[in-house]
Structure formats: structure tokens, C-alpha cells
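J.: based on what follows, work out the 3D shape:
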Amino acid sequence: MTVLSTAPASTPESRTAEWLAETAKTDLLRFTTAGSVDDGKSTLIGRLLYDSKGVYEDQLASVRKATRNLSTGGLDLSLLTDGLRAEREQGITIDVAYRYFSTPRRKFIIADTPGHEQYTRNMATGASTANLAIVLIDARYGVLPQSRRHAYIAALLGIPHIVVAVNKMDLVNFREEVFTEIRRDFQAFAAQLHVGDLQFIPISALEGDNVVRRSTRTPWYTGPALLEHLETVPIASDRNLTDMRFPVQYVIRPNLDFRGFAGVVASGVIRRGDPILVLPSGRASRVRSIVTWDGELEEAFSPMSVTVCLEDEVDISRGDMLVHPDNAPHAGRRLEATLVWMNARPLEPNRPYLLKHSTQTAQAVVSVETQRPLFFDPYRQNRATGGFILIDPISNETIGAGMIEQAVSAAAPKGRVTASERAAARGHSAFAVCLPPGQQELAYALERLLFDHGCVVQVVERSENLRQAVRTCYAGGAIAILAPSTPEERQTVQEALPPDRVVLIEPETRETSTADTARHIWVRLEASGRLGVSQGPLTGGAGI
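T.: This next block holds a predicted model:
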């Protein structure tokens with residue numbers, strides 16, 4: 001008798017669907033590489049991708065074509081990540097390169113960051129969302145200053161797991177004492193940092209020892225290979241599941257019967273029926289439903305993307321935040337933070353920047369005060385709501401990344417406001433600029449130029465008591481600009497303040513426009529150091 005099977009035949013589509021379903025169940029580990037130049041970061045990532053079968057044939061063909069380093073045995077694995085032409089020509093990593101691969105146990109997103117000191121700021125970009133950092137150390141040279149610098153940034157950014165991969169062990173004959181000495185040196189340095197989990201692994205990225213599989217050339221090492229550690233390091237507890245924070249990204253209103261608030265659960269857990277507090281309005285409601293593409297959920301947790309519907313009609317827009325009433329974040333305009341500066345142009349303390357925090361963007365000055373309140377937690381407690389970036393409002397470049405420490409200083413100064421405090425807040429010292437007689441138009445042009453560069457400045461017009469007006473501006477920490485009508489008024493200005501606090505501007509000897517003259521004066525003021533915060537005598541005497 002012939003028995004016919006009723007089970008559906010396996011098809012490529014069904015096998016793909018099964019594979020996608022299984023992949024969706026595995027968790028995701030984001031990790032970054034760090035270390036000094038030529039420690040082998042790109043080669044290590046290339047080895048991980050190559051040995052774990054995470055490279056496509058066309059990628060390998062491209063690498064084979066581009067390989068010029070004959071010492072790599074015909075295949076330079078670093079080229080799998082160094083994709084920029086300048087990177088391949090110089091043999092260094094310049095920009096952050098992201099790569100994705102997976103194993104049956106876990107999915108991975110890798111951020112290959114530069115090791116060159118000139119591009120250290122790019123390391124902070126790749127490490128900002130990482131669960132784990134791999135700090136590579138060349139076994140021949142030991143722990144270098146750049147290795148310490150990257151480890152410090154990793155700890156500063158709150159990365160909970162750090163792996164110290166001692167690379168190029170093949171060049172020191174896999175000697176155990178070399179590995180032990182490097183581990184001892186790094187542990188002494190790491191004792192000063194807040195590192196929760198620290199692992200040391202001896203490897204050879206070029207030859208593959210202890211990268212994907214355990215090496216027989218390190219019998220004295222009993223720990224896991226690097227990939228095994230990456231697959232098994234526990235990351236579920238890294239997420240903050242206590243403090244529910246739901247920054248609203250978008251309001252969904254397709255019809256009169258539906259009003260939902262879309263966003264990513266930044267931290268914590270939100271459940272249907274939970275009481276909700278809306279910030280900044282302070283309105284209260286309850287969660288009516290949690291909606292996704294696949295239907296409604298009973299609960300959602302970080303980092304799920306969902307749409308939350310409330311029982312009441314509440315006015316909510318992008319930048320607002322939903323929290324539990326008994327567990328609210330800090331709300332305030334002033335905060336203390338550690339800032340990683342990522343731009344060649346220096347920080348200007350009194351210049352307005354754009355501060356992006358979760359889904360909210362506000363104008364801000366350093367240190368750090370925003371135009372409207374932010375809703376935040378300390379970075380150590382909650383990376384999702386404790387971090388922000390600074391953006392140049394003109395070029396739209398990301399120029400800084402901040403980690404919030406607390407709302408305000410616990411040891412705020414007491415007593416009267418001092419001149420040094422005013423200078424620190426203004427970003428410059430106080431002085432007076434005395435223009436040639438009758439140059440009122442130039443005074444206002446210079447005022448505009450200084451104001452646009454973040455200075456506190458005021459044109460002092462004709463006054464019943466010119467001496468007192470100048471002194472009041474100076475006492476308030478401002479820059480006073482005057483164009484006296486008579487020699488007597490010019491002399492009054494000179495006598496009102498200490499000699500080194502009055503800048504005398506002589507008439508131009510050549511024909512220039514008012515705007516050019518104002519710009520010329522501003523350049524000279526900046527070059528003289530008078531726009532700094534020094535409260536001592538300023539260079540340049542009584543004039544510039």
C-alpha cells in the first residue's frame with residue numbers, strides 16, 4: 001500500500017520564513033572596537049566576519065582585488081571594513097564603519113572606530129549605543145596612551161562590558177608572561193574607572209587564534225574564544241526596565257476614532273491600564289491600548305516601537321514624554337554634564353547651540369542651560385534619557401555628545417555674585433570699547449557682530465551720567481560700546497574704568513565700510529584675548 005504524505009512540501013519561501021522567524025527570536029548585541037593605530041581592529045572584524053561565514057562572495061572578490069599587503073597571505077581582511085578610498089590607501093580607519101552579522105545564537109552590529117588620535121572623537125559616535133567594547137592592545141607594545149583614552153571613553157559612555165583583546169600574540173610567540181603583564185597593567189588602570197564586566201582574551205586577528213575558535217597555541221589560556229564570549233555575554237540586565245520613559249515621536253490621527261502616540265519605549269515597561277503622567281503638561285490618564293503593526297499588546301518594553309493610546313483626550317505633541325506618575329524623571333533647564341567635543345572648532349561657552357535630547361530639540365548654551373525644560377535621568381542610571389547631542393545651528397553638524405550627571409550642582413555657590421562668576425557665565429570678561437567721536441552707526445554694527453558671537457553687549461547712548469552708565473555695564477559683566485560726542489566724554493569713559501578695561505579705537509586711516517570696520521575691530525578684540533574669561537590684566541594695553 002502506498003502512503004501519501006499530507007505534509008506541505010518545503011519551499012525556499014517557507015524555509016526563508018522559518019529562518020526569519022528563528023532570527024527574530026535571537027537578541028542583538030551592539031559592540032564597538034577601540035584601541036591605538038595598527039592594533040588590528042579592522043583585521044579582527046574582518047576575521048570575525050570571514051570565519052563566521054558573514055561575508056558575501058562579491059565582498060570577498062572586492063577585497064581580493066584591493067589587497068596589496070602581501071604579508072596577509074593574499075587576503076587583507078581589514079579591507080572588509082575600511083571601505084573609504086583614503087582608508088585603503090593609508091591603511092588606517094578614518095570614519096566609523098558599521099557591519100552586521102549573525103550566528104545561530106545572536107545577532108551583532110559592529111562599529112569599527114578609528115584608532116588614530118586625530119579621529120578619537122569618532123570613537124564616541126560608535127560607542128554611544130554599544131553594549132560591549134573590544135579594546136585591542138598590540139602584544140608587542142602593551143597598554144598605550146590611546147588604549148587608555150579609548151577605554152576611558154568607553155567607561156564614560158557607560159558601556160557595561162569591556163573585552164581587552166591582546167592582539168598579535170603570534171608576533172610574541174604566544175608567551176603567557178606577555179599576556180599576563182598587559183592584563184596586570186590594564187587592570188591597574190581600569191580600577192580607576194566604572195567598569196562592570198572586564199574580560200581579557202589573547203588573540204591573533206591575522207591568523208585567527210582565539211577569535212572564532214579556541215587556539216591550540218595558547219594552552220595556558222582557559223577562557224572562551226572571542227566569538228563565544230560575544231555570543232554568551234549576558235545583556236538582558238543592561239537595559240533599564242524600572243524607569244518607564246516613552247518620548248513621543250509622532251501623533252497618529254488617521255480618523256476621528258483613533259488618536260495614538262508613536263515612539264520607542266526608551267526604558268522600563270508600559271502596560272495596558274497603567275496610569276500615565278504627561279510631561280510637561282502634568283496631565284494624567286491611563287493606557288487604553290498598545291498598538292503595533294501585528295496587533296495590540298498587553299505590554300511593551302525597551303526598545304520596542306509602539307503606538308500608545310490613552311483613555312482621555314490629552315493634548316500631546318512630539319517632544320512630550322509619557323511616564324509613570326510615581327516615577328518621574330528630573331525636569332529642568334539647567335544641568336551638569338560631561339561633554340565629549342567632536343568638532344575641530346573649539347567650544348564657545350556663550351554661543352547658542354541646538355541640544356537634542358530623546359525626541360526633543362531645544363536651544364541651549366554651555367554650561368548647560370536650555371530654553372525650555374528637559375525630562376532626564378542621570379546617565380549612569382538611564383543611558384536612554386541621560387544622553388544628548390549638541391548640533392551647530394548653522395551647519396547642522398553634530399559637534400558634541402553629553403552625559404548628564406545631575407540637574408544642578410549640589411554645592412552651588414553662596415553669597416554675592418562675583419566678577420569671575422559673571423565672566424564664566426557670559427563667556428568673556430567685561431570691558432568698554434570707546435569708538436572715535438560720532439561713530440554711532442559703527443557702534444551698533446559692532447554690537448550686532450559681538451552679540452551674534454554670543455557676547456553680552458550694550459551700546460551706551462548719551463546719558464545724564466555717562467560715568468555711572470559705563471560702570472553699571474561693567475559691573476554686570478557686559479561689554480559696553482560708546483561713541484563719545486566730545487573729547488570730554490571720551491575722557492570720562494577712560495576715567496570710569498581701570499585703564500586695562502577700556503579699549504580705545506582710533507579712526508581708520510583708509511576708506512572702509514561700516515561692516516568691514518566692525519569686523520576688523522572684532523578680529524582685533526578676539527586676537528587680543530579680550531573675549532576670554534580672564535579677570536587679570538589683558539594683553540594689548542589700553543588700545544588694540
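
J.: so what's the residue most central in space within the chain bridging to?
T.: Nearest to the mean C-alpha position of the chain, by Cα atoms, centre = their mean, lies residue 401 at 2.7 Å. The partner list for residue 401 in beta bridges (DSSP bridges) reads residue 340, residue 389.

J.: how close does it get to residue 289?
T.: For residue 401, the distance to residue 289 (Cβ to Cβ, to the nearest Å) stands at 36 Å. Backbone N, C-alpha and C define where each C-beta goes, glycine included.

J.: quick one: the strands in the stretch 201-350 of the chain?
T.: In the stretch 201-350 of the chain, the segments counted as strands under DSSP state E, counting those that start in this stretch are 245-247, 250-255, 258-264, 269-271, 275-279, 284-292, 295-297, 299-301, 305-310, 321-323, 330-334, 336-341.

J.: ok, the residue nearest to the centre of the chain - contacts?
T.: Residue 401 makes contacts with 124, 125, 128, 339, 340, 342, 387, 388, 389, 390, as judged by Cβ atoms under 8 Å, 6 or more residues apart in numbering.

J.: quick one: which of the residues you listed is most hemmed in?
T.: Using other Cβ atoms under 10 Å as the neighbour criterion, residue 388 leads the contacts of residue 401 with 27 neighbours.

J.: okay, now the unreliable bits of the stretch 251-400 of the chain?
T.: Counting by pLDDT under 70, the stretch 251-400 of the chain contains no low-confidence range.

J.: please apply the same query to the stretch 1-150 of the chain.
T.: Short version for the stretch 1-150 of the chain, where the test is pLDDT under 70: 1-9, 15-25, 56, 58-59, 63, 65-74, 78, 80-97, 114-123, 125-126.

J.: show me where it has its strands.
T.: If DSSP E, counting those that start in this stretch is used as the criterion, the strands of the stretch 1-150 of the chain fall at 28-35, 97-103, 106-112, 132-138.

J.: the ones you listed: which one's closest to residue 315?
T.: Checking the strands of the stretch 1-150 of the chain against residue 315 by Cβ to Cβ gives strand 28-35 as the closest, at 35.6 Å.

J.: which residues does that closest one contact?
T.: With Cβ under 8 Å, 6+ apart, strand 28-35 has contacts from 41, 44-45, 106-113, 115, 123, 126-127, 129-138, 146-147, 150-151, 153-154, 159, 230, 233, 235.

J.: of those, grab the buried ones for ChimeraX.
T.: A single ChimeraX command is used to select the members of the contacts of strand 28-35 judged buried by 16 or more other Cβ atoms under 10 Å:
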select :41,44,45,106,108,109,110,111,112,113,115,123,126,127,129,130,131,132,133,134,135,136,137,138,146,147,150,151,153,154,159,230,233,235
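
J.: now the strands of the stretch 1-150 of the chain in TSV, with distance to residue 489?
T.: Conversion of the strands of the stretch 1-150 of the chain to TSV gives the following (distance: least, Cβ to Cβ, whole Å):
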stretch	distance to residue 489
strand 28-35	61
strand 97-103	64
strand 106-112	62
strand 132-138	63
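
J.: mind checking which of those strands is nearest residue 178?
T.: strand 132-138 (10.5 Å).

J.: tell me the spacing between the closest residue to residue 245 other than its chain neighbours and residue 247.
T.: Leaving aside its sequence neighbours, residue 245 sits nearest to residue 266 (Cβ to Cβ, 6 or more residues apart in numbering; 4.3 Å). Residue 266 sits 6 Å away from residue 247, going by Cβ to Cβ.

J.: same question, residue 325
T.: Residue 325 is 17 Å from residue 247, by Cβ to Cβ.

J.: who has more neighbours, those two?
T.: In terms of neighbours (other Cβ under 10 Å), residue 247 is the more surrounded of residue 325 and residue 247; the figures are 23 against 11.

J.: quick revisit: and the strands of the stretch 1-150 of the chain: which comes nearest residue 219?
T.: Between residue 219 and the strands of the stretch 1-150 of the chain, the shortest gap by Cβ to Cβ is with strand 132-138, which sits at 21.3 Å.

J.: elements contacting that closest one?
T.: strand 28-35, helix 41-51, helix 145-156, strand 161-167 (3 or more Cβ pairs under 8 Å, 6 or more residues apart in numbering; DSSP states H and E).

J.: phi, psi for the nearest residue to residue 168 once chain neighbours are set aside please.
T.: With Cβ to Cβ, 6+ apart as the criterion, residue 168 has its nearest non-adjacent residue at 4.9 Å, and that residue is residue 139. The phi/psi pair for residue 139 (degrees, to the nearest 10) reads phi -60, psi -20.

J.: and residue 139, how many neighbours?
T.: 23.

J.: dump the residue contacts of it.
T.: Listed by Cβ under 8 Å, 6+ apart, the contact partners of residue 139 are 166, 167, 168, 169, 171, 172, 178, 179, 182, 202.

J.: let's see 6 Å
T.: Counting by Cβ atoms under 6 Å, 6 or more residues apart in numbering, residue 139 touches 166, 168, 169, 172, 178.

J.: relative to residue 427, how far out is residue 397?
T.: 20 Å.

J.: more crowded one of these two?
T.: Neighbours were counted for residue 397 and for residue 427 using other Cβ under 10 Å; residue 427 has more, 21 against 13.

J.: skipping adjacent residues, who's closest to the more buried one in space?
T.: That would be residue 350: by Cβ to Cβ, 6+ apart, it lies 3.0 Å from residue 427.

J.: from what I can see residue 312 touches residue 285, true?
T.: Yes - checked against Cβ atoms under 6 Å, the pair residue 312 and residue 285 is within contact range at 4.3 Å.

J.: between the two, point out the one with more neighbours.
T.: A count of neighbours by other Cβ under 10 Å puts residue 285 above the other of residue 312 and residue 285, at 18 against 11.

J.: can you give me the neighbour number for residue 323?
T.: If you count neighbours by other Cβ under 10 Å, residue 323 ends up with 21.

J.: shouldn't it be in contact with residue 276?
T.: No - Residue 323 is beyond contact range of residue 276, at 7.4 Å (criterion: Cβ under 6 Å).

J.: quick one: the helices in this protein?
T.: Ranges of helices within the chain are 12-25, 41-51, 57-66, 85-90, 120-127, 145-156, 176-190, 226-232, 383-386, 419-426, 440-452, 466-475, 487-496, 514-528, based on DSSP state H.

J.: where does pLDDT dip in the stretch 401-544 of the chain?
T.: Ranges of the stretch 401-544 of the chain meeting pLDDT under 70: 408-414, 463, 532-544.

J.: number of nearby residues for residue 449?
T.: Using other Cβ under 10 Å, the number of residues around residue 449 comes to 18.

J.: likewise the one 3 residues further on?
T.: Applying other Cβ under 10 Å, we find 12 residues neighbouring residue 452.

J.: any idea how far residue 77 is from it?
T.: 50 Å.

J.: ok, now residue 354?
T.: Taken as Cβ to Cβ, the span from residue 354 to residue 77 is 40 Å.

J.: these two - which one has more neighbours?
T.: Just comparing residue 354 and residue 77: by other Cβ under 10 Å the higher neighbour count belongs to residue 77, 26 against 18.

J.: hmm, the more buried one is touching residue 43, no?
T.: Yes - using Cβ under 6 Å, residue 77 is in contact with residue 43, at 5.3 Å.

J.: give the contact list for residue 502.
T.: Per Cβ under 6 Å, 6+ apart, neighbours of residue 502: 432, 434, 494.

J.: repeat that with 8 Å
T.: Going by Cβ under 8 Å, 6+ apart, residue 502 touches 431, 432, 434, 493, 494, 496, 542.

J.: name the member of these with the most neighbours.
T.: Of all the contacts of residue 502, residue 434 has the most neighbours under the rule other Cβ under 10 Å, reaching 25 neighbours.

J.: contact partners for it?
T.: Contact partners of residue 434, counting by Cβ under 8 Å, 6+ apart, are 482, 484, 490, 493, 494, 502, 503, 504, 505.

J.: run through the bridge partners of it.
T.: According to DSSP bridges, beta-bridge pairing links residue 434 with residue 482, residue 504.

J.: kindly report the same for residue 375.
T.: Under the criterion DSSP bridges, residue 375 forms beta bridges with residue 331.
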